[in-house]
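Engineer: can you look at this prediction? I've put the sequence above it.
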Amino acid sequence: MIELTATPERLEFMARFGLGLFVGPWRFERKQVTRIFAGPGWFSDCLRIQADHPDMKVFTYSPAPLMLTLEELGYPVDWISRQ
């Protein structure tokens with residue numbers, strides 16, 4: 001499980017358990033984020049975050065509420081693309 005913390009300045013991802021506790025957190029500054037959109041996942045949709053460095057996928061059963069929140073915070077959300 002990954003915890004996403006979103007502010008107008010940055011997105012931060014942190015593992016809640018396991019080996020990820022020793023690797024993270026991963027941060028995306030607002031100016032690095034180029035596009036956020038919903039894409040196909042394994043069993044459900046995922047939220048895809050494209051940035052200057054490697055992209056991030058967040059698997060979720062419902063990406064729309066996350067996308068709406070990120071759009072309200074000023075992030076470039078693409079509601080149409082599903083790559």
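Structural biologist: Cool, the structure landed. The structure displayed is predicted, hence computed values, not measured ones.
Engineer: so in this protein, where's the weakest helix or strand by average pLDDT?
Structural biologist: helix 20-23 (a mean of 69; mean pLDDT, DSSP states H and E).
Engineer: can you map out the helices along the protein?
Structural biologist: 20-23, 63-72 (DSSP state H).
Engineer: give me the pLDDT value at residue 12.
Structural biologist: In the prediction, the pLDDT value recorded for residue 12 is 90.
Engineer: before we move on, what about residue 79?
Structural biologist: Among the per-residue scores, residue 79 shows a pLDDT of 91.
Engineer: with adjacent residues omitted, what lies nearest to it?
Structural biologist: In space, residue 79 comes closest to residue 67 once its chain neighbours are excluded; the distance is 7.0 Å by CB to CB, 6 or more residues apart in numbering. All C-beta spots, glycine's among them, are computed from the backbone N, C-alpha and C.
Engineer: that neighbour and residue 22: what is the separation?
Structural biologist: For residue 67, the distance to residue 22 (CB to CB, to the nearest Å) stands at 30 Å.
Engineer: and if you look at residue 54?
Structural biologist: When residue 54 is compared with residue 22 (using CB to CB), they lie 19 Å apart.
Engineer: same question for residue 10.
Structural biologist: In this structure, residue 10 and residue 22 are separated by 21 Å, where distance is defined by CB to CB.
Engineer: between these two, who's got more neighbours?
Structural biologist: Neighbours were counted for residue 10 and for residue 22 using other CB atoms under 10 Å; residue 10 has more, 14 against 7.
Engineer: contacting residues for that one?
Structural biologist: Under the criterion of CB atoms under 8 Å, 6 or more residues apart in numbering, the contact list for residue 10 reads 27-30.
Engineer: may I have the beta-bridge partners of it?
Structural biologist: Going by DSSP bridges, residue 10 is paired in beta bridges with residue 29.
Engineer: my read is that residue 38 contacts residue 44, right?
Structural biologist: No: Residue 38 sits out of contact with residue 44 when judged by CB atoms under 8 Å, with a separation of 10.1 Å.
Engineer: okay, those two: which has more neighbours?
Structural biologist: A direct count of neighbours by other CB under 10 Å for residue 38 and residue 44 places residue 38 higher, at 22 against 11.
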